[in-house]
Structures are given as C-alpha cells and as structure tokens.
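> here is a sequence with its predicted model. Questions after.
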Amino acid sequence: MRPNLPKAITAYFAADEEREGETVSRCFTEDAIVKDEGQIYHGRSEIRQWKESTSEKYQYTSEPFACENRGGKTIVTSQLSGDFPGSPVDLRYFFQLEGDKIASLEIIP
C-alpha cells in the first residue's frame with residue numbers, strides 16, 4: 001500500500017511508472033536539481049534527458065512504501081525492482097518541494 005504522499009511526489013511516481021521523461025520533468029521547478037548515481041542534473045531539460053535515458057536502459061517498477069518529513073525534506077522509501085544489477089533494492093528519495101513542484105531530488109540506495 002502506498003503511503004499518503006504530497007501531490008507533486010505522487011505525480012512524479014505516476015509519471016515515472018509511465019516512463020514519460022517529459023511528464024516527469026514537468027513535476028519539477030524550472031531550475032530544479034536531481035542527484036542520482038553520482039550525477040547531477042540541472043533544470044527540466046537535463047531532468048527529462050536523465051529520465052528518458054534511465055527508462056531506455058532499464059525496465060523497472062517502483063513501489064513507495066514509507067514516507068517521512070525531516071529537515072524540510074520529504075523522504076520516500078521505495079522498492080525498485082527490474083532488470084538491473086542488485087534488483088530489487090530499496091531506495092530513499094529526498095524531495096524538497098517548492099509550492100506544488102519538486103525543487104530538488106536526491107536518490108540514495
């Protein structure tokens with residue numbers, strides 16, 4: 001069962017499930033930052049490219065199962081399963097929101 005998540009985060013996971021890079025990028029502010037796998041992506045264009053590349057490289061599903069607020073961030077823990085080394089893995093998504101958009105996201109195993 002999915003935890004009760006803020007609207008922007010729910011939209012992010014729904015777009016990610018559909019593997020839609022453009023839709024994922026619209027969940028973020030214009031100048032948002034994403035940190036994932038040692039890389040940093042700045043702005044919606046780079047975020048769209050990051051998501052499209054990841055979706056092409058791997059087939060996966062993400063199931064959020066926990067959510068907490070700490071230090072101004074919303075931390076979602078999700079199980080990621082797919083055709084990548086080490087699957088399945090629990091990832092922590094550190095979201096910082098700005099209004100109804102995501103201002104930053106850091107994904108940590």
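Happy to help now that I have it. Residues are numbered from 1 along each chain as shown.

> so how far is Val89 from Lys101?
27 Å (C-beta to C-beta, to the nearest Å). Where C-beta positions appear, they are placed from N, C-alpha and C, glycine not excepted.

> again, but for Asp16
Distance from Asp16 to Val89, by C-beta to C-beta: 15 Å.

> pick out whichever of these two has more residues nearby.
Neighbour totals were compared for Asp16 and Val89, and Asp16 leads with 20 against 14 (other C-beta atoms under 10 Å).

> quick one: the strands in the chain, in order.
28-36, 39-42, 60-70, 73-82, 89-98, 101-108 (DSSP state E).

> output these in CSV, with mean pLDDT and distance to Pro6 appended to each entry.
Shown next, in CSV, are the strands of the chain (pLDDT from 0 to 100; distance: least, C-beta to C-beta, whole Å):
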stretch, mean pLDDT, distance to Pro6
strand 28-36, 98, 14
strand 39-42, 98, 21
strand 60-70, 95, 9
strand 73-82, 96, 6
strand 89-98, 98, 6
strand 101-108, 98, 9
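
> adding distance to Tyr12, write these out as CSV.
Shown next, in CSV, are those (distance: least, C-beta to C-beta, whole Å):
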stretch, distance to Tyr12
strand 28-36, 8
strand 39-42, 14
strand 60-70, 10
strand 73-82, 9
strand 89-98, 8
strand 101-108, 6
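
> what's the longest helix in this protein?
In the chain, with assignment by DSSP state H, the single longest helix is helix 43-57.

> that helix: how far from the chain's middle?
11 Å (C-alpha atoms, centre = their mean, to the nearest Å).

> roughly how far does Tyr41 sit from Arg19?
17 Å.

> coming back round to it: quick one: average pLDDT of the longest helix of the chain?
Helix 43-57 carries an average pLDDT of 94.

> contacting residues around Asp90?
By C-beta atoms under 8 Å, 6 or more residues apart in numbering, Asp90 lies in contact with Thr77, Ser78, Gln79, Leu80, Pro109.
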